[in-house]
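*Asks:* Take a look and give me a structure for this.
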Amino acid sequence: MRNQQLTVLFLGGARRVSLAELLKRSGQRIGYNIKIVSYDLSEEIPISLVGKVVKGLRWNDPGVVDDIIRVVKEYDVDVILPFVNGAIEIASICRDKLKNVFVPVSDFEMTSALFDKAEAAKAFKELGLPIPRTYSVLSAQIPAIAKPRKGGSSRGIHIFRNMEDLMHLQDLKNYLVQEYLENCKEYTVDSYIDRNGNILVTVPRERIEIMGGESTRTRTCHNEILEKLSREVIEKLKLRGPVNLQFLHDLDADRYLLMEVNPRLGGGVICSIYAGAPITDYIIGEALGVELKPCDDWASGTLMARYFKEAIFYEQE
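*Replies:* Numbering: from 1, shown residues only. Predicted structure coming up:
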C-alpha cells in the first residue's frame with residue numbers, strides 16, 4: 001500500500017530543517033508522505049535540503065497573497081505554516097481565501113495587533129495581563145529597554161542606563177519603551193490550540209542561551225504558574241494553532257511578566273517536541289480531521305543544545 005501524500009507550505013521556512021524532518025516523521029507514523037515546499041526570497045537556504053524552495057515575493061509586496069495562492073494551486077498544498085512575523089498576517093489572509101487548505105493561525109486582526117509591540121502591550125494591559133512597566137519617553141525610569149515596535153530576532157533593541165541617551169534615540173515613536181529587569185530569567189511557553197479553541201499542550205522552557213533572538217540552549221520545566229498564566233493569555237486573546245509566549249521571571253520581586261506573544265512555531269519548539277509535546281502530530285492530525293488528545297505528560301528537564309551545520313550550494317553551469 002502506497003503512502004498518501006500531504007503537502008505543507010512553509011512561509012519563510014529558511015532554516016527550519018529539523019521541524020520539517022519532525023513533520024515528516026509525524027506523517028510516516030500514520031502512513032502519510034509529507035512533502036515540504038518553502039516560500040522564500042532565495043533558493044540557496046538550508047530548507048532546500050529537505051524540500052522544494054519556491055522563490056517568492058517580500059511579505060509587504062502587494063502581490064504576495066496572490067502569488068502564494070498560485071503556489072498553493074501549483075503544488076497542491078494542504079497545509080500552510082508561517083515561520084516569521086511578516087508571514088503571519090499573510091497566512092491569516094490566505095486562510096480566509098483558501099477554504100480547503102489548513103492554516104492554523106489566529107484571526108487577521110489579532111495577528112496584526114501582536115505584530116506591533118506597542119499595540120500588543122496596550123492590548124495585554126487592557127486584558128489585565130501582567131507586563132513590564134511601559135513608559136512614554138517623558139515618564140521613563142532608568143534602566144529602560146527600547147524595542148522596535150515591529151520586527152523580531154532581537155534586532156534593534158537598546159538598553160539605556162541614563163535619560164540623555166534615551167532621549168537621543170532616533171524615531172522614539174517607533175519603539176516600545178519598558179522597564180529593564182537586571183535580575184531575571186527568560187522563558188518561552190510552546191502551545192498548541194485546535195480550531196475549536198481547545199488548549200492541547202503548554203510547555204514552558206527556560207531560555208538559557210540565546211543567539212539572534214532564538215534559543216540555542218533551552219530546557220523544559222514544569223511550572224504551574226507559567227502554565228496557568230499561558231492558558232489565561234491564550235483564552236483572553238482567542239489564539240489558535242501553534243503559539244509561543246515569552247515571559248520574564250523578575251527574580252527580585254518574584255513575578256512573571258508577559259513580554260511577547262508569537263502566533264507561530266518558535267525556533268526552540270524542537271525542544272518541546274522531543275520532550276513529548278506532539279505539536280507536529282497535532283498539525284498533521286488536525287489537517288486530516290483526526291481527533292486530537294491533550295498532552296500533559298511531556299518530560300520536564302529536557303535540554304536542547306544547538307550547533308551549526310552547513311548547507312553547501314554550487315554555482316550552476
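
*Asks:* quick one: terminal-to-terminal distance for stretch 158-178?
*Replies:* One end of stretch 158-178 to the other measures 11 Å (CA to CA, to the nearest Å).

*Asks:* what comes into contact with that stretch?
*Replies:* If you take CB atoms under 8 Å, 6 or more residues apart in numbering as the criterion, stretch 158-178 is touched by 117-118, 121, 131-137, 140, 142-150, 180. Any C-beta I mention is one placed from the backbone N, CA and C, and that applies to glycine too.

*Asks:* Do you know the pLDDT at Asn3?
*Replies:* Note on Asn3: pLDDT of 67.

*Asks:* should've said Tyr135
*Replies:* 82.

*Asks:* who does it bridge with?
*Replies:* Val177 (DSSP bridges).

*Asks:* Tell me who's in contact with it.
*Replies:* Neighbours of Tyr135 in contact, by CB under 8 Å, 6+ apart: 141, 144, 177-179.

*Asks:* Angles on the backbone of Asp116, please.
*Replies:* phi -110, psi 110 (degrees, to the nearest 10).

*Asks:* burial measure for it, as a count.
*Replies:* 14 (other CB atoms under 10 Å).

*Asks:* pretty sure it contacts Ala123?
*Replies:* No. Asp116 sits out of contact with Ala123 when judged by CB atoms under 8 Å, with a separation of 9.6 Å.

*Asks:* what's the burial count for the residue nearest to Arg133 when sequence neighbours are not counted?
*Replies:* Leaving aside its chain neighbours, Arg133 sits nearest to Glu179 (4.3 Å; criterion: CB to CB, 6 or more residues apart in numbering). Neighbours of Glu179 under the rule other CB under 10 Å: 18.

*Asks:* hmm, back to that, now the contacts of stretch 158-178: which count as buried?
*Replies:* Buried members of those, scored by 16 or more other CB atoms under 10 Å, are 117-118, 121, 131-132, 134-135, 140, 144-149, 180.

*Asks:* and which of the residues you listed is nearest Ile283?
*Replies:* Lowest distance from Ile283 to the buried ones among the contacts of stretch 158-178 (CB to CB) belongs to Lys117, with 26.9 Å.

*Asks:* any weak-confidence spans in the stretch 101-250 of the chain?
*Replies:* 137-138, 151-154 (pLDDT under 70).

*Asks:* quick one: contacts for the nearest residue to Thr216 once chain neighbours are set aside?
*Replies:* Residue nearest to Thr216 in three dimensions, not counting chain neighbours: Arg306, with 4.4 Å by CB to CB, 6+ apart. By CB under 8 Å, 6+ apart, the contact list for Arg306 reads 215-217.

*Asks:* Out of those, flag the one nearest to Gly86.
*Replies:* Distances from Gly86 to the contacts of Arg306, taken by CB to CB, are shortest for Ser215, at 20.6 Å.

*Asks:* is it true that Leu229 touches Tyr256?
*Replies:* Yes. Between Leu229 and Tyr256 there is a contact at 5.9 Å, judged by CB under 8 Å.

*Asks:* how distant is the longest strand along the chain from the center of its chain?
*Replies:* The residue-count maximum for a strand in the chain (DSSP state E) belongs to strand 199-211. Here the centre of strand 199-211 is set off from its chain's centre by 11 Å, with CA atoms, centre = their mean, to the nearest Å.

*Asks:* got the CA positions of it in PDB?
*Replies:* In PDB, the C-alpha atoms belonging to strand 199-211 read as follows (Å, rounded to 0.1, in the frame of the first residue of the first chain):
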ATOM      1  CA  ILE A 199      -5.600  24.200  24.500                       C
ATOM      2  CA  LEU A 200      -3.900  20.800  23.900                       C
ATOM      3  CA  VAL A 201      -0.500  21.400  25.300                       C
ATOM      4  CA  THR A 202       1.600  24.100  27.100                       C
ATOM      5  CA  VAL A 203       5.300  23.500  27.700                       C
ATOM      6  CA  PRO A 204       7.400  26.100  29.500                       C
ATOM      7  CA  ARG A 205      11.200  26.100  28.800                       C
ATOM      8  CA  GLU A 206      13.900  28.300  30.200                       C
ATOM      9  CA  ARG A 207      15.900  30.200  27.600                       C
ATOM     10  CA  ILE A 208      19.400  29.500  28.800                       C
ATOM     11  CA  GLU A 209      21.400  30.700  25.800                       C
ATOM     12  CA  ILE A 210      20.100  33.000  23.000                       C
ATOM     13  CA  MET A 211      21.600  33.900  19.700                       C
END
